[in-house]
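Build me a structure from this.
(chains A and B)
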There are 2 protein chains.
Amino acid sequence: MNQEWVGYVAATLTTLAFVPQALKTLKSRDTRSISLGMYAVFTVGIAFWFAYGLVLGSWPMILSNAITFVLSATNLGLKIKHGDRAPTL
Amino acid sequence: MNQEWVGYVAATLTTLAFVPQALKTLKSRDTRSISLGMYAVFTVGIAFWFAYGLVLGSWPMILSNAITFVLSATNLGLKIKHGDRAPTL
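Next up, the predicted model:
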């Protein structure tokens, strides 16, 4: 039985998960409680998952990690931009 | 050539990434800029990655997603506990 669907569900969920965080931050300009270390390490890690997807020839991993990389890098960039400052709304 | 190491590097990085976020939140009790939607969707997604690791027989995926699930659920629990309130230090 082809069980690739499990990977596609996993990939869809962990990719889409970063959208609400990016939207929340873009709206609030508040990144005080977000960890810089988390997004720095996570973004590099996703680049390695992308490479491992190539090794396994797993399309769910390749496609989703390409998108997750962009979203995670966006959250990292917003954290670097806004830092620990209170938002000036 | 055995390229499982790529998966182990990826797994180590994206797993460890959630440690600084958990420590930061435990210390500050501030989750205002963290997205509840992100951790809710991400935690469920990690459960599916764990299952997909079983499908592929990939030990880096199985082991790391078990640990990532615990760390992500910890961050989710802290967000649920502290919500959007300012920390009372």
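
correct me, but residue A:84 touches residue A:34?
No: checked against C-beta atoms under 8 Å, the pair residue A:84 and residue A:34 is beyond contact range at 9.3 Å. (C-beta placed from N, C-alpha, C; glycine too.)

all helices of chain A, in order?
Using DSSP state H, the helices found in chain A span residues A:4-16, A:18-28, A:36-56, A:59-82.

The second one packs against which elements?
Meaning helix A:18-28. If contacts are counted by 3 or more C-beta pairs under 8 Å, 6 or more residues apart in numbering or on different chains; DSSP states H and E, helix A:18-28 sits against helix A:59-82, helix B:36-56.

Against residue B:69, how distant is residue A:12?
Taking C-beta to C-beta, to the nearest Å as the measure, residue A:12 and residue B:69 are separated by 17 Å.

Tell me which residue is most central in chain A.
residue A:72 (3.1 Å; C-alpha atoms, centre = their mean).

Just list the residues touching it, thanks.
A:18, A:39, A:42-43, A:46 (C-beta atoms under 8 Å, 6 or more residues apart in numbering or on different chains).

where's it relative to residue A:22, distance?
In this view, residue A:72 and residue A:22 are 9 Å apart by C-beta to C-beta.

next one: residue A:62
Distance from residue A:62 to residue A:22, counting by C-beta to C-beta: 22 Å.

hang on, residue A:67 packs against residue A:15?
Yes: proximity of residue A:67 to residue A:15 meets the contact threshold set by C-beta under 8 Å, at 5.1 Å.

Which one's more surrounded, these two?
Neighbours were counted for residue A:67 and for residue A:15 using other C-beta atoms under 10 Å in any protein chain shown; residue A:15 has more, 24 against 16.

Which pLDDT does the model give the closest residue to residue A:65 other than its chain neighbours?
Residue nearest to residue A:65 in three dimensions, not counting chain neighbours: residue A:50, with 4.0 Å by C-beta to C-beta, 6 or more residues apart in numbering or on different chains. The model reports residue A:50 with a pLDDT of 95.

a markdown table for the helices of chain A, including distance to residue B:56?
Conversion of the helices of chain A to a markdown table gives the following (distance: least, C-beta to C-beta, whole Å):
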| stretch | distance to residue B:56 |
| --- | --- |
| helix A:4-16 | 8 |
| helix A:18-28 | 23 |
| helix A:36-56 | 7 |
| helix A:59-82 | 9 |
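
Which of the ones you listed sits closest to residue B:30?
Nearest to residue B:30 among the helices of chain A is helix A:18-28; the distance by C-beta to C-beta comes to 13.4 Å.
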